[in-house]
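1. My questions are about this predicted structure, shown below with the sequence.
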Amino acid sequence: MSTGLLKGKKGIIFGALNDQSIAWKVAEKAHEEGAEFVLTNAPIAMRMGEINNLAEKTGSTVIPADATSVEDIENLIDQSMKILGGKIDFILHSIGMSVNVRKGRHYTDEKYDWTMKGLDVSALSFHKVLQTAYKKEAINDWGSVLALSYIAAQRVFPDYNDMADNKSYLESIARSFGYHYGVKSKVRVNTISQSPTMTTAGSGVKGFNEFISYSEKMSPLGNATADDCANYCVSLFSDLTRYVTMQNLFHDGGFSNTGVTQEVIEKFAD
Ligand SMILES: NC(=O)c1ccc[n+]([C@@H]2O[C@H](COP(=O)([O-])OP(=O)(O)OC[C@H]3O[C@@H](n4cnc5c(N)ncnc54)[C@H](O)[C@@H]3O)[C@@H](O)[C@H]2O)c1
């Protein structure tokens, strides 16, 4: 049910690869709530073509951009302002990739050029997006910028590998840039720390199915779905959350504050 929460808002959504992607769900909900936006993804992801279905469904334009390239981001922001007819109100950064994870390289045996690539794609790209928007004065006052994170930034989940370090860096950028952007033009910057979710990026992590079941049992409300994550993103793009900034916000059914649940204890009963 739409309430027109984002009516008149304009944005850029990074990271919709297929209909399982969190960004895909955010685009659907943002459209339902009246927003207009540009969709973007890495040129290589475009070749799969699925994003065009989403663009059609949401009346959006697709602009390819490699989020590690400042030149691509500059072009994306210039083009988006032209297409949308002015400054933007929200950006979703929904991007993550680790070459070490992809190639099964252990955390104690990282190949550092892969580490640097993953860091650039998963974290530094967020700084690049923010810095480019900041310099171009591309975001309206009280705008909202969000990135997606995971609790491995705070606690060890061994198979998450170097993505844990990337997420720590990502969350730190939200705090640091959130300060400067808040002072300059009241733009808020946050990360959402989402439950494990069955997507292309998620399922690349070793033992992911078992991990989703464990997390489900360790969360009083159960794992938060991608659809619910999209609802949370929409609320953070809206004017109802104007004073929330520089935060890492857990959207995880209570997992982050749970030591153990009765269901998990029972698994260990003699
Ligand atoms: N799935 C989970 O369990 C989970 C949990 C918490 C947080 N997250 C985070 O949510 C975000 C979205 O991931 P998802 O689970 O929807 O998976 P996904 O695979 O659908 O999305 C990841 C996106 O990153 C894009 N990407 C990769 N390299 C890029 C580049 N150089 N430039 C631009 N885009 C690039 C991919 O094309 C893809 O669209 C990621 O930051 C991920 O770490 C996921």
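-> Cool, got the structure.
2. Which secondary structure state does L6 sit in?
-> L6 carries the three-state label coil when classified by DSSP: H, G, I helix; E, B strand; the rest coil.
3. so how far is V99 from it?
-> Counting by CB to CB, to the nearest Å, the separation of L6 from V99 is 35 Å. Quick note: C-beta positions are derived from backbone N, CA and C, even for glycine.
4. and these two? which has more neighbours close in?
-> Neighbours per residue, other CB atoms under 10 Å: of L6 and V99, the larger number sits with L6, 25 against 17.
5. show me what contacts the more buried one?
-> 30, 33-35, 90, 234, 237-238 (CB atoms under 8 Å, 6 or more residues apart in numbering).
6. now swap in L5 and tell me
-> For L5, the residues meeting the contact criterion (CB under 8 Å, 6+ apart) are 33-34, 234-235, 238, 240.
7. Quick check on it: phi, psi?
-> Dihedral angles phi and psi of L5 (degrees, to the nearest 10) take the values phi -60, psi -30.
8. quick one, what contacts whichever residue of the stretch 51-200 of the chain sits closest to the ligand?
-> With CB to the nearest ligand atom, the shortest gap between the stretch 51-200 of the chain and the ligand falls at G96, namely 2.9 Å. With contacts defined as CB under 8 Å, 6+ apart, the neighbours of G96 are 121-122, 148, 163, 166, 201.
9. Could you report the distance from it to T199?
-> When CB to CB is the yardstick, G96 and T199 sit 10 Å from each other.
10. hang on, the earlier thing: using JSON lines, lay out the contacts of L5 together with distance to the ligand, neighbour count and secondary structure.
-> Rendered in JSON lines, the data for those read as follows (distance: CB to the nearest ligand atom, whole Å; neighbours: other CB atoms under 10 Å; DSSP: H, G, I helix; E, B strand; the rest coil):
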{"residue": "E33", "distance to the ligand": "19", "neighbour count": "19", "secondary structure": "coil"}
{"residue": "G34", "distance to the ligand": "23", "neighbour count": "14", "secondary structure": "coil"}
{"residue": "V234", "distance to the ligand": "16", "neighbour count": "23", "secondary structure": "helix"}
{"residue": "S235", "distance to the ligand": "17", "neighbour count": "16", "secondary structure": "helix"}
{"residue": "S238", "distance to the ligand": "20", "neighbour count": "20", "secondary structure": "coil"}
{"residue": "L240", "distance to the ligand": "23", "neighbour count": "10", "secondary structure": "helix"}
